[in-house]
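In: Got a sequence here, can you build the structure:
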Amino acid sequence: MHEYQPRFYRHWVKDKDLVSFSVVLEESDLYVRARRNLRRKTLKVLMRHRASLEGYIERCPEFLTSLEPVAVGEDAPPIVRAMAEAADKVDVGPMAAVAGAIAEYVGKELLPFSREVIVENGGDIFLKIMKSRSIGVYAGESSPFTGKIGLEISPEETPLGICTSSGTVGHSLSFGSADACIVLSRSTPLADAAATAIGNLIGYADDIPRGIDFARSVEGVRGVLILKDDRIGIWGDVKIVTVGG
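Out: Model (predicted):
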């Protein structure tokens with residue numbers, strides 16, 4: 001399970017009308033925004049999904065360590081099946097989808113208690129919103145895009161997953177060197193796995209078109225934003241807005 005540092009970008013979602021709270025459990029570090037404080041409910045849901053995932057890993061250690069897709073049975077927990085399916089679509093290990101999967105599975109269980117929910121887990125976001133909101137892009141302190149641009153998300157696009165992989169920021173495993181590879185998908189596990197797969201392709205700025213081509217080939221990916229040095233690549237349903245510097 002991976003981390004994405006630093007955390008200050010968490011405050012770049014314009015959401016003063018929502019209540020914000022954090023829930024931390026081992027590697028999972030959730031920052032949640034909702035219509036009311038659902039911290040206790042969030043912790044209970046997170047504990048349950050982590051337990052089902054950890055229980056499966058005990059029975060199938062390969063699920064934790066494999067860098068390639070792993071087949072799982074119909075008896076596997078739903079979150080495990082979602083991770084395995086996402087990883088298989090983009091040919092990465094299933095744990096590449098873990099942060100997005102947890103964000104989505106927790107977020108969806110909070111929706112009966114709040115019409116708007118935003119769950120960020122290590123840089124990966126699940127959101128269901130009732131009005132347009134902008135999410136700031138973080139690509140490392142040296143990136144010319146950090147703090148300058150954001151993604152505008154409209155309600156009809158949600159529920160939506162927005163996941164980031166970086167080869168230069170944080171502790172996530174990446175074989176590339178993109179400053180940020182951000183993927184949008186209705187499936188947050190798929191957005192997470194695809195961000196990893198696309199990020200792995202970006203060694204230099206000239207590789208951005210290769211990453212875009214890959215994103216276009218993945219069924220379920222709605223859009224991608226790739227940042228490397230002073231270059232940017234965009235494809236799909238991605239609305240860029242400028243934000244305060």
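In: Give me the neighbour count for residue 113.
Out: Around residue 113 there are 13 other residues, counting by other C-beta atoms under 10 Å. All C-beta spots, glycine's among them, are computed from the backbone N, C-alpha and C.
In: Excluding chain neighbours, what is closest to it?
Out: Of all residues not flanking residue 113 in the chain, residue 38 sits nearest, at 5.6 Å (C-beta to C-beta, 6 or more residues apart in numbering).
In: distance of that neighbour from residue 111?
Out: Distance from residue 38 to residue 111, counting by C-beta to C-beta, to the nearest Å: 10 Å.
In: neighbour-wise, which of those two wins?
Out: Between residue 38 and residue 111, counting by other C-beta under 10 Å, residue 38 is the more crowded of the two (22 against 13).
In: gap between the more buried one and residue 116?
Out: Distance of residue 38 to residue 116, given as C-beta to C-beta: 11 Å.
In: Then residue 155?
Out: Separation of residue 155 from residue 116 (C-beta to C-beta): 9 Å.
In: Next, the buried residues of the single longest helix found in the chain.
Out: Looking across the chain with DSSP state H, the single longest helix is helix 39-59. By neighbour count with 16 or more other C-beta atoms under 10 Å, helix 39-59 contains the buried residues 41, 42, 45, 46, 49, 50, 52, 53, 56, 57.
In: name the element residue 235 belongs to?
Out: Using DSSP states H and E, residue 235 sits within strand 231-236.
In: And for residue 76?
Out: Counting by DSSP H and E, residue 76 is part of no helix or strand.
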